[in-house]
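# need a structure here:
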Amino acid sequence: MKGQFNAITAQGRTDPNQNTGTSIHVCNIKAADDLESSNTSFKTYLGRPWKEYSRTVYMQSFMDSLIDPAGWKDWNGSFALSTLYYAEYDNNGPGSNTSNRVTWPGYHVINATDAANFTVSSFLLGNDWLPPTGVSFNETLI
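As a prediction, this is how the structure comes out:
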């Protein structure tokens with residue numbers, strides 16, 4: 001279908017005071033083996049805004065070549081481009097180069113101090129509730 005694309009996230013924060021969002025940390029972002037040969041058929045983006053205050057952060061993750069150099073996709077023209085918060089920190093791999101990323105007011109390449117706010121321990125208070133689940137996690141930046 002013409003114009004079709006993949007967006008990994010479409011976060012829906014509706015209030016700038018909500019402490020919500022999507023934090024992707026120490027992940028491998030790549031096509032499944034059975035889809036790898038079709039990587040170039042459709043563009044793939046890290047995300048697009050669903051609601052006005054969409055917030056998504058990628059940190060210390062591997063991004064394969066399927067990620068479009070722009071990184072992020074608008075949803076409806078200029079909708080939410082100045083109110084969203086999209087950020088990247090210390091990612092690696094062929095799709096992680098931020099030099100050709102979007103230039104929206106709400107897009108940021110952040111430092112370790114800012115990234116620490118989006119870790120499991122800070123953003124999710126995961127140390128309070130994750131240990132009893134047995135799920136492994138990185139509580140801080142690696």
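
# hey, where'd the helices end up in the protein?
Per DSSP state H, the chain carries helices over the ranges 112-115, 120-123.

# pick the most buried one from those helices.
Each of those was assessed for mean neighbour count using mean count of other Cβ atoms under 10 Å. The highest is helix 120-123, with a mean of 16. To be clear about C-beta, it is placed using only N, CA and C from the backbone, and glycine gets the same treatment.

# and that helix, what does it pack onto?
Contact here means 3 or more Cβ pairs under 8 Å, 6 or more residues apart in numbering; DSSP states H and E; on that basis helix 120-123 packs against strand 22-25.

# returning to what we had before: weakest of the helices of the chain in terms of mean pLDDT?
Taking the average pLDDT of each of the helices of the chain, the minimum falls on helix 120-123, with a mean of 94.

# can you put the helices of the chain in JSON lines and add distance to Thr56?
Rendered in JSON lines, the data for the helices of the chain read as follows (distance: least, Cβ to Cβ, whole Å):
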{"stretch": "helix 112-115", "distance to Thr56": "13"}
{"stretch": "helix 120-123", "distance to Thr56": "12"}
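
# please identify which of these is closest to Leu46.
Comparing these by their distance to Leu46 (Cβ to Cβ), the top pick is helix 112-115, with 15.2 Å.

# related to what we said a few turns ago, looking at the helices of the chain, which is nearest to Thr14?
Shortest distance between Thr14 and the helices of the chain, using Cβ to Cβ, is found for helix 120-123: 18.0 Å.

# who touches the closest one?
For helix 120-123, the external contacting residues (Cβ atoms under 8 Å, 6 or more residues apart in numbering) are 19, 21, 23, 25, 116-117, 126-127, 130, 137-140.

# relative to Ser54, which of the helices of the chain is closest?
Put simply, out of those the one that sits nearest Ser54 is helix 120-123, at 15.3 Å, with distance taken as Cβ to Cβ.

# that closest one: how far from the chain's middle?
Centroid separation between helix 120-123 and its chain, computed with Cα atoms, centre = their mean, to the nearest Å, is 16 Å.
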